[in-house]
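K.L.:
A structural model of the following input is requested.
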Amino acid sequence: MSATAVAPRIRGVRHRRLTVLFALLAAVLVAVVLSVTVGSKSVPLADAWHALTAPTGTENDIVIRALRVPRTVLGVLAGVALGVAGALMQGHTRNPLADPGLLGVTQGAAFAMVSSIILLGVSSLLGYIWFGLAGALVASVAVFALGMTGGKGSPTPVTLALAGTAVSAFLYALTSAIVLLDEQAMDVFRFWQAGSIAARGADVVWQVLPFILAGLVLAAVNAPGLNALSLGEDVARSLGQNIPVTRAVGVAAVTLLSGASVAACGSLAFVGLIVPHMTRPLSGTDHRWLLPYSGLVGAALLLVADVVGRVVAPPGELEVGVVLALLGAPFFVALVRRRKPVRL
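P.N.:
Below is the predicted model of the structure:
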């Protein structure tokens with residue numbers, strides 16, 4: 001095929017991908033509007049805009065600025081982080097059922113938070129976040145180290161998955177033993193395990209923002225290398241890829257993204273698992289497009305699930321983690337029962 005014939009096709013593919021990108025951005029914007037205006041107290045769109053641009057201290061202004069906006073921003077950040085982390089995790093492990101928790105991030109954060117309550121007497125949410133993030137980082141480093149085959153080379157997808165499963169099971173056992181001995185730790189762990197973006201102020205957003213931004217930068221850097229790895233390690237090596245560095249950058253990105261969101265919001269199940277599968281028909285296997293698409297779909301999904309949780313059980317609400325589990329479980333079953341397995 002001549003170059004003159006290929007060029008229009010390339011432009012067509014690029015135009016389609018940009019169209020999808022803008023459509024997903026519009027979907028996130030709609031989800032943001034719903035998140036700000038819909039809840040146990042519905043706020044008209046005009047009043048919400050007035051609260052953001054010219055607040056006068058009314059009840060609606062307080063609801064929007066102090067409660068809804070921080071909750072929405074955190075939902076966007078957590079959704080983007082978990083969506084991108086899930087796409088990275090599935091790409092690096094070549095496992096369609098992998099999610100960020102496979103690196104031990106979730107259980108590492110849980111163990112660190114529970115330990116900080118009992119050993120150090122930490123009692124504030126802001127304190128939990130820092131210990132949760134540290135626990136996620138340590139657990140991921142341990143998984144990466146255990147996944148090294150004989151201490152040489154980079155961990156393979158199989159050894160990485162096995163090491164992650166082992167570390168997660170071990171930390172879960174320790175966490176379960178600890179919470180049985182302390183009532184306060186049990187209460188915090190139970191609320192955190194459900195997963196929620198409610199009751200998080202702007203200070204929480206500012207604490208996790210640097211880690212999520214750093215993770216997104218590493219994910220963007222990792223995308224071309226991950227495309228090469230998808231062709232096989234031998235091909236990637238022949239293309240000049242440093243495989244251990246590519247793996248390490250990917251693991252670091254997953255750890256920062258999922259560790260920050262899990263530490264702030266708790267265990268938000270299924271986002272990292274189902275979002276890449278929802279996105280892949282739109283983007284194909286090119287991670288340069290799969291990663292941003294996954295981030296946008298993750299943000300829209302998490303915000304919509306949070307809105308659903310607010311309106312299904314008035315005057316109370318279901319935590320977003322519960323709603324995501326209810327939505328994600330049928331998708332997971334359908335994925336497992338699919339006759340033609342997903343190939344990565």
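K.L.:
how about the one helix or strand V333 maps to: buried residues?
P.N.:
Using DSSP states H and E, V333 sits in helix 320-337. The neighbour-count check on helix 320-337 (16 or more other C-beta atoms under 10 Å) flags V320, G321, V322, V323, L324, A325, L326, L327, G328, F332, L335 as buried. (Each C-beta comes from the backbone N, C-alpha and C, glycine too.)
K.L.:
and those residues, which two are the farthest apart?
P.N.:
Maximum pairwise distance in these, criterion C-beta to C-beta, is 21.2 Å, between V320 and L335.
K.L.:
can you map out the helices along this structure?
P.N.:
Applying DSSP state H to the chain gives helices spanning 3-37, 45-53, 59-62, 69-93, 105-120, 125-147, 157-179, 183-194, 202-229, 233-238, 243-265, 271-283, 287-311, 320-337.
K.L.:
of all those, which lies closest to D99?
P.N.:
Closest to D99 of those is helix 271-283 (C-beta to C-beta; 3.9 Å).
K.L.:
Show me what the closest one is packed against.
P.N.:
Counting contacts by 3 or more C-beta pairs under 8 Å, 6 or more residues apart in numbering; DSSP states H and E, helix 271-283 packs against helix 3-37, helix 69-93, helix 287-311, helix 320-337.
K.L.:
Show me which of these has the highest average neighbour count.
P.N.:
helix 69-93 (a mean of 28; mean count of other C-beta atoms under 10 Å).
K.L.:
what stretches of the protein score poorly on pLDDT?
P.N.:
Residues of the chain meeting the criterion pLDDT under 70: 1-8, 149-155, 335-336, 338-344.
K.L.:
Which residue, neighbours along the chain excluded, lies closest to the residue nearest the centre of the chain?
P.N.:
By C-alpha atoms, centre = their mean, the chain has its centre lying nearest to L82, at 1.0 Å. Computed as C-beta to C-beta, 6 or more residues apart in numbering, the closest residue to L82 that is not its neighbour in sequence is V271, at 4.1 Å.
K.L.:
looking at it, R17 is touching W289, isn't it?
P.N.:
Yes. Assessed by C-beta atoms under 8 Å, R17 is found in contact with W289 at 5.5 Å.
K.L.:
shared neighbours of these two, which are they?
P.N.:
S283 (C-beta atoms under 8 Å, 6 or more residues apart in numbering).
K.L.:
burial count for F270?
P.N.:
The local packing of F270 (other C-beta atoms under 10 Å) involves 21 other residues.
K.L.:
Same check on I62?
P.N.:
Using other C-beta under 10 Å, I62 has 13 other residues around it.
K.L.:
and the closest residue in space to L171 that isn't next to it in sequence, what is it in contact with?
P.N.:
The shortest distance from L171 to any non-neighbouring residue, by C-beta to C-beta, 6+ apart, is to Q107 (3.8 Å). Shown in contact with Q107 (C-beta under 8 Å, 6+ apart): G101, A139, V167, S168, L171, Y172, T175.
K.L.:
sorry, back to before: and the gap between the residue nearest to the centre of the chain and A142?
P.N.:
Relative to A142, L82 is positioned 21 Å away (C-beta to C-beta, to the nearest Å).
K.L.:
wait, G309 sits on A325?
P.N.:
No. Here G309 does not reach A325: they are 11.0 Å apart, not a contact under C-beta under 8 Å.
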